[in-house]
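Peer 1: what follows is a predicted protein model with its sequence.
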Amino acid sequence: MPELPEVETVRKGLEKLVNGFYIKKIDVLKERSIASLGGSQEFINNVQDKFLGSWKRRGKYLIGNLASTTNKSIGFLVVHLRMTGHFKIIDRHEKSACPHTRVRIWDNNGRELRFVDIRNFGQMWFVPSKASPSEIIPGLKKLGPEPFSKEFNCNYLQNCLKKKTRTIKSALLDQSTVAGVGNIYADESLFEAGINPKTKSKNLTKSELKKLCESVIKILRISIGEGGTTFSDFRDLEGLNGNYGGQALVYRRNNKPCKKCGHTILKEKVGGRSTHWCPKCQK
């Protein structure tokens, strides 16, 4: 599933390539891709003949501003890529689309913003301007602080985790703890911090939590700079792979030597999720 760096990479692409995109026509090829009330027809009625403006990211959600032809704000286009969703910009007119195409959006020059999703778990919502996306979309209501916000710090983590017996790996994957961190960056951040992923959350010291906060921010910033990670399906709007995967120190490096100490990287299930870690560096 695309995590914060991948979603941020897509946000930057949308900001660059479709800011001011006039939505002339929409074709919804898969009904389940539209999650807002009223289904695809209501979605089309509300979004068509509008301009896409600036984009922001909240956790793993993308939120685009919609404006009328008179530049009046009319609401938001919200997207969650889920496991395999991604956007493509098609500059030339193409009548056909691959079988995994779920939504096609054209401007008045024939340029197309295409949503492709192999697993078909991705979702889109129209949210009217009288409401905020977090009021309408349940997942947005539950999100914890953004990793780059002042709210995400060791005091916050200490208060959040002080009674939690679940593992710190499971806590990091909980979007109500911190927004946007998934399996790749939880593993990499815990390695950077030198913390065993199976440690009970409540047993971490304040100095360990401080190091973990710093590690999460550092790893996410590095990955954003590399355009995210591509291990299978992720692509940016221009079809390029993310480059962070080549820098990963533990993720998907099981049975290989640790780049810090030479010990063999292990892989096991922690909280039901595949977890990669070095038992020597992360005691």
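Peer 2: Arrived safely, thanks for sending.
Peer 1: Val7: which element?
Peer 2: Secondary structure assigned from DSSP states H and E places Val7 in helix 4-17.
Peer 1: that helix packs against which elements?
Peer 2: Counting contacts by 3 or more CB pairs under 8 Å, 6 or more residues apart in numbering; DSSP states H and E, helix 4-17 packs against strand 51-58, strand 61-67, strand 85-90, helix 206-225. For the C-beta atoms, the positions are set from N, CA and C on the backbone; glycine is no exception.
Peer 1: run a quick neighbour tally on the residue lying closest to Glu15 once chain neighbours are set aside.
Peer 2: The spatially closest residue to Glu15, leaving aside those adjacent along the chain, is Trp55, at 5.0 Å (CB to CB, 6 or more residues apart in numbering). By other CB atoms under 10 Å, the residues close to Trp55 number 21.
Peer 1: okay but Trp55 is in contact with Leu62, surely?
Peer 2: Yes: here Trp55 reaches Leu62: they are 6.2 Å apart, a contact under CB atoms under 8 Å.
Peer 1: okay, and the common contacts of those two?
Peer 2: Residues touching both Trp55 and Leu62 (CB atoms under 8 Å, 6 or more residues apart in numbering) are 11, 14.
Peer 1: ok so, going back, in TSV: the helices and strands packed on helix 4-17, plus distance to Glu135.
Peer 2: Listed next are the helices and strands packed on helix 4-17 as TSV, based on distance: least, CB to CB, whole Å:
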stretch	distance to Glu135
strand 51-58	13
strand 61-67	13
strand 85-90	23
helix 206-225	27
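Peer 1: mind giving me a markdown table with these and columns for distance to Glu15 and mean pLDDT?
Peer 2: Conversion of those to a markdown table gives the following (distance: least, CB to CB, whole Å; pLDDT from 0 to 100):
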| stretch | distance to Glu15 | mean pLDDT |
| --- | --- | --- |
| strand 51-58 | 5 | 97 |
| strand 61-67 | 9 | 98 |
| strand 85-90 | 12 | 92 |
| helix 206-225 | 14 | 95 |
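Peer 1: for these, which one sits closest to Glu146?
Peer 2: strand 51-58 (7.5 Å; CB to CB).
Peer 1: how far does the closest one sit from the chain's center?
Peer 2: 15 Å (CA atoms, centre = their mean, to the nearest Å).
Peer 1: which other residues reach it?
Peer 2: Against strand 51-58 from outside (CB under 8 Å, 6+ apart): 4, 7-8, 11, 14-15, 18-23, 62-69, 71, 77, 133-134, 140, 143, 146, 179-180.
Peer 1: and it with strand 61-67, angle?
Peer 2: Using axes from the mean of the first three to the mean of the last three CA atoms, to 10 degrees, the direction of strand 51-58 lies 150 degrees away from that of strand 61-67.
Peer 1: the inter-axis angle of the helix holding Val7 versus strand 51-58?
Peer 2: 160 degrees.
Peer 1: next helix or strand past helix 4-17?
Peer 2: Next helix or strand after helix 4-17 toward the C-terminus (DSSP H and E): strand 21-22.
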